[in-house]
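>>> coords please:
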Amino acid sequence: MAGVVELDELKRRVLRRIDGLRPEMERISADIHANPELGFEEVKASGWLSSFLADHGFTVDRGVAELPTAFRAERRGGDGPTVGLLAEYDALPGLGHGCGHNLIGTASCAAAIAVGEEWPEAPGTVAVMGTPAEEGGGGKILMLERGAFDGVDLSMMFHPSYLNQINTPSLAAGNLTFRFHGKPAHSAVHPHLGVNAADAAMLLFAGVNALRQHVTSDVRMHGVIAQAGDKPNIVPELSVVEFMVRADRREYMEELVGRVLDVARGAALMTGCTVEVDRGLTYFDARHCPSLGEVARANFALVGLAEDPLDARSPKASGDGGNVSHAIPHLGVTLAIADHPIAGHSVEWREAAASPFGGEAMVNAAKVLALSVCDVLADPELLERARAEHRVAVGG
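I've put the predicted structure just below:
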C-alpha cells in the first residue's frame, strides 16, 4: 500500500501522464464524434478505444457478454480489488453524439492507462468496461446479467453536463412498447366495421396525461407514436406506442408502470382493440456511496475544479450505469462541457462535445477518475466503507 508521501507523488505522476496522453485523447474523441454509431453498432468506436488500451499494455477481451462491440480491458498489478471504469461510446439517432459519449469512453480509457503505466505494481487491477448501447439498449444490464462484470469490486464513470457534480442522481426508467390491434375497414364506406387502433394510441396518451396530476414531482412520463396507420381512408389496424416512465426510485417507478399498463388496457377496452405489451429493459436509479464522493471531492480540488452543489435544479436523466450501482459500489461524476445550461440530447450538446471546452472537461474527468482509482487501491479500508454504504443504499 502506498504511504501518504508516495501517494501524493504518484498522483502528480498520474496527472502529468494524462497531460501527455491528451493528443491521443483528443484524436480518438474527435474520431468517435465524427463517426457516430448507434447502439450495438459501435464497431469503429469500440475498436479505437480498445486499441488505445491494448497499445498501452492492457489485455483486451473483445466481444464480451456475446455483444460484438463490448469489451473488457485489464492491467493487473498485485493482489487486490478490481476497479472498473465504465466507457460509453454510442450515439443518438439523428443527433450523433448529442449526449457526449465520445468524451466518456475516451476519459475512462485515459484514466486507466495513466494509473496502469504510473503504478504497475498497484495492489489490484485497473479495468475498463466497454459498454455499448447505453441509449436504450441497456448494454451494461446485459453485461451484468451475462457475467462480464464478475470480479469487478467497484465502478466509476464520468458524464458530460453543464455542471461539475459528484454522486450525480439519476432516475429509474421503465421502457414500454404497446401494440394496439384493431380491424381495418374503409373509413368512409364501412367505418362501422372497423376498429381504430390509432384511437387507442391517442386514448393512452390522454390517460397518461390525466395521471400526471396524481404523481410526485420527480416523475417523468413521455412517449411517441411510432406507428398509427397508413392512409386516412383506411381505419388503422395497428398502432405502436413507445413509452418511458421515470421516477427518483425504482420502487415507485414500478408502481407507476403498473398504472400506465392499466391505462393501456382501458384504452384497448374503450376502442375494442386488443393490446400487447413489451417490457423493455429497466434502468435503475443510481445509488451512491458517500465515502467515494468525498474521495472525488478531494480530487476535484487537486485538479482545480469547483463543485456545483446538488439541489432540486440538478439535471437528472436515466442510464444503465444505475444498474451497475445496484450491483457494486459506484462513483459517478459530471463535468461541465459548456459554461451555461444547455439541453441534453440536442445539437448544442453535440457541438459542446466537440468543443475545446468539452475537450478540457474530458481531460479533467480522466484526471479525477485516475486519482480516485489510486485512492481506492491505496486504501483497502476505503473499499470496505464503500461496500458497507452500498449495502445500506440498496437495502441489503
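>>> low pLDDT regions in the stretch 251-396 of the chain?
When the per-residue scores of the stretch 251-396 of the chain are filtered using pLDDT under 70, the ranges that remain are 396.
>>> again with the stretch 51-200 of the chain
Across the stretch 51-200 of the chain (using pLDDT under 70), nothing gets flagged, so there are no ranges to list.
>>> can you map out the helices along the stretch 201-350 of the chain?
250-271, 290-303, 321-327, 347-352 (DSSP state H, counting those that start in this stretch).
>>> please apply the same query to the stretch 1-150 of the chain.
Listed in chain order, the helices found in the stretch 1-150 of the chain under DSSP H, counting those that start in this stretch are 4-34, 43-55, 101-118, 139-145.
>>> packing partners of the next helix or strand along the chain from the last one?
If you walk from helix 139-145 toward the C-terminus, the next helix or strand you reach (DSSP states H and E) is strand 154-161. Applying 3 or more Cβ pairs under 8 Å, 6 or more residues apart in numbering; DSSP states H and E, one finds that strand 154-161 contacts strand 82-87, helix 101-118, helix 321-327, strand 330-336, helix 356-378. The C-beta positions use only the backbone N, C-alpha and C, and glycine is treated the same way.
>>> out of the ones you listed, which comes closest to residue 266?
Comparison of the helices and strands packed on strand 154-161 against residue 266 by Cβ to Cβ identifies helix 321-327 as nearest, at 30.4 Å.
>>> closest one to residue 243 among the helices and strands packed on strand 154-161?
Each of the helices and strands packed on strand 154-161 was checked against residue 243 via Cβ to Cβ, and the shortest separation belongs to helix 321-327, namely 18.8 Å.
>>> would you mark the buried spots in that closest one?
Within helix 321-327, the residues that qualify as buried are 321-327, counting by 16 or more other Cβ atoms under 10 Å.
>>> and if you look at stretch 58-65?
By neighbour count with 16+ other Cβ under 10 Å, stretch 58-65 contains the buried residues 58, 60, 62, 64-65.
>>> relative to residue 371, which of these is nearest.
Closest approach between those and residue 371, by Cβ to Cβ: residue 58, at 19.1 Å.
>>> for residue 113, see how far away that closest one is.
Between residue 58 and residue 113 the distance is 7 Å, computed by Cβ to Cβ, to the nearest Å.
>>> again with residue 285
The span separating residue 285 from residue 113 equals 31 Å under the rule Cβ to Cβ.
>>> pull the contacting residues for residue 296.
Contacts for residue 296 were tallied using Cβ atoms under 8 Å, 6 or more residues apart in numbering; they are 166-167, 331, 333, 368, 372.
>>> please identify which of those is nearest to residue 15.
Proximity to residue 15 was ranked across these by Cβ to Cβ; first place goes to residue 368, at 10.3 Å.
>>> quick one, what contacts the nearest residue in space to the closest one that is not next to it in sequence?
Distances taken as Cβ to Cβ, 6 or more residues apart in numbering place residue 299 nearest to residue 368, at 4.9 Å, with adjacent residues excluded. The neighbourhood of residue 299, defined by Cβ under 8 Å, 6+ apart, consists of 367-368, 371-372, 375.
>>> swap in residue 29?
Residue 29 makes contacts with 102-103, 106, 354, 359, 362, as judged by Cβ under 8 Å, 6+ apart.
>>> run the last query once more with 6 Å
Taking Cβ atoms under 6 Å, 6 or more residues apart in numbering as the contact definition, residue 29 lies against 102-103, 106.
>>> can I get the helix or strand containing residue 386 in CSV, CA atoms only?
Assigned by DSSP H and E, residue 386 belongs to helix 380-393. Written as CSV, here are the backbone C-alpha positions of helix 380-393 (Å, rounded to 0.1, in the frame of the first residue of the first chain):
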residue,chain,number,x,y,z
PRO,A,380,-8.3,-1.1,1.5
GLU,A,381,-10.4,0.4,4.3
LEU,A,382,-12.0,2.8,1.8
LEU,A,383,-13.3,0.0,-0.3
GLU,A,384,-14.8,-1.7,2.8
ARG,A,385,-16.5,1.6,3.8
ALA,A,386,-17.9,1.9,0.3
ARG,A,387,-19.2,-1.7,0.4
ALA,A,388,-20.9,-1.0,3.8
GLU,A,389,-22.5,2.1,2.4
HIS,A,390,-23.6,0.3,-0.7
ARG,A,391,-25.4,-2.4,1.3
VAL,A,392,-27.4,0.3,3.0
ALA,A,393,-28.0,2.2,-0.3
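>>> helices or strands next to it in the packing?
Where contact means 3 or more Cβ pairs under 6 Å, 6 or more residues apart in numbering; DSSP states H and E, helix 380-393 is packed against helix 290-303.
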